[in-house]
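Peer 1: Here is the input, now give the coordinates:
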Amino acid sequence: DIVYLTGSTGFIGEIIVKQCEDNGSITKVYCPIREKHGSKGYDRFVAQFGSYQKTAFIDPSDPLPDDVTLVILNAYAVKFFNDVDVILKQNVAPMLEILDQSREAGPRIRGISVVSTAYVQEPLPFKRDALNRIEFVLKEHTTAFQLYQELAHGVTTWPEIEARYADVLSDHHKYNNYAFSKHIMEHVVHEQYASLPICIVRPTIVAHSRDGQFGHGHKTGFPLFMEIAKKPVLRFPRNEGKLNLVFVEDVANDIVRAATEMAGPASTSAEGSQFHPIFSSSSGCDLTSIQLLKIGAPTILRFDIRHDGIRSLLRQLEIMFIGATAGAKKAKLLELVYKNFDPIMSNEWDYEETHSFTAPDLEKSVELFFSKQKSDQLKNSSLPDEPLPTETLTMALSLSTIVLALLNPKECLSALAQLVVIFVS
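Peer 2: Numbers count the residues shown, from 1 in each chain. Purely as a prediction, here's the structure:
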């Protein structure tokens, strides 16, 4: 087989390339890589994959090569809060061009893997069906392709769609634009390319590799979260939900298998909708956010504060403190991490357990991850970041809790209880 892989330079894509390199049935991997930050696509390819034996550079604007038999559509910018119309133009439009070419290629293309996200699914009480099918949320009003065309071609805007269907869209759909754009993408693929052999893959939260070797240097997703977790910040995460994690090599393997083994044409659901096969790349992991953070940084205290007002005030003071001591950029990053992860940390989902992932698994991998990082820093003569002055932070948070208690006597006992916890800690 010869693979055409988009998103090869990303966190998951890098592992997909490695697995293809080790797969005896795959003889070549085309890597379309664009210019970025002044670096030409070919130069980026050589820097990342120059030592590989099976990889070949191709310009993203070039047509699908005549010898390709498998297509893996993995490229998708992880931008949670861009408007959906912007996300669709940037990510789905190029994907549909490749699918059009795949259809023209006929039976030579024997499998296509399309990477989505598990968070197209709503949290409990939503229960998944055995085939992981989720009906298009606006099917009573429009088709996914019609909505895509309106948004991608500027006929309407995402704020207009939100207003038009305010009573239909759930809070989950409205909040996570990235996930909702994937929901639209999935159904455009089902509706418009029903005859193509496709499998949709839905990963949950993708962790670094089991051996801790992969995931370093990536600026999005779980690797970034782990970098932040080991610093004395993120003191007040939401903690009501359960987090579902899966190791990156398991996700990469699922994505390759989706193209080689699981892809097929769409079939019709009982409701009359078209669905290709869908695979959930998920686990039985049920850690809370504070349990996860404790594994990543056992010496840093995090507080399970369930009162919205107290938690919001303490967060704002924490962010202000980080801005004053570490700079506005790090303060903004902390604010975005809270915003991005709050819905995931405060909900639970009904996911299929397709992989094993336990707390001891994560503890071991985190130990190896940070060991590799420390080794790399020593090789590069790079010193780790200086820790923030946690005593000053604790004092600021303690004083803020006193102020809250004085301003809102009804919350006095709750605030004082939190103060005792923070002060004693």
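
Peer 1: any idea how far Glu160 lies from Tyr148?
Peer 2: 15 Å (Cβ to Cβ, to the nearest Å). (Each C-beta comes from the backbone N, C-alpha and C, glycine too.)

Peer 1: The two: which is more packed in?
Peer 2: Tyr148 (25 against 13; other Cβ atoms under 10 Å).

Peer 1: could you point out the longest helix in the protein?
Peer 2: The single longest helix within the chain, with elements called by DSSP state H, is helix 359-379.

Peer 1: Who are the packing partners of it?
Peer 2: Packed against helix 359-379 by the contact rule (3 or more Cβ pairs under 8 Å, 6 or more residues apart in numbering; DSSP states H and E) you find strand 245-247, helix 289-296.

Peer 1: Return the distance of it from the chain's centre.
Peer 2: 21 Å (Cα atoms, centre = their mean, to the nearest Å).

Peer 1: Could you do stretch 85-95 as well?
Peer 2: For stretch 85-95, the distance to the chain centre is 17 Å (Cα atoms, centre = their mean).

Peer 1: Would you mark the buried spots in it?
Peer 2: Residues of stretch 85-95 classed as buried: Asp85, Val86, Ile87, Leu88, Lys89, Gln90, Asn91, Val92, Pro94, Met95 (neighbour count, 16 or more other Cβ atoms under 10 Å).

Peer 1: Can you give me the buried ones in stretch 64-74?
Peer 2: Leu64, Val68, Thr69, Leu70, Val71, Ile72, Leu73, Asn74.

Peer 1: What's the end-to-end length of it?
Peer 2: Length of stretch 64-74, first residue to last, Cα to Cα, to the nearest Å: 15 Å.

Peer 1: Pull the residues that contact that stretch.
Peer 2: If you take Cβ atoms under 8 Å, 6 or more residues apart in numbering as the criterion, stretch 64-74 is touched by 1-8, 10, 12-13, 16, 26, 28, 30, 58, 95, 98-99, 101-102, 105, 108-115, 255-256, 259-260.

Peer 1: Check those for burial and list the buried ones.
Peer 2: 1-8, 10, 12-13, 16, 26, 28, 30, 58, 95, 98-99, 101-102, 105, 109, 111-115, 255-256, 259-260.

Peer 1: Just the ones in strands from those residues, please.
Peer 2: Among those, the ones falling in strands (DSSP state E) are 2-6, 28, 30, 58, 111-115.

Peer 1: Quickly name whichever of those is closest to Leu368.
Peer 2: Val115 (25.8 Å; Cβ to Cβ).

Peer 1: ok, now how distant is the spatially closest residue to that closest one that is not a sequence neighbour from Ala144?
Peer 2: In this structure, Val115 finds its nearest non-sequential neighbour in Asn74, 4.8 Å apart by Cβ to Cβ, 6 or more residues apart in numbering. Asn74 is 21 Å from Ala144, where distance means Cβ to Cβ.
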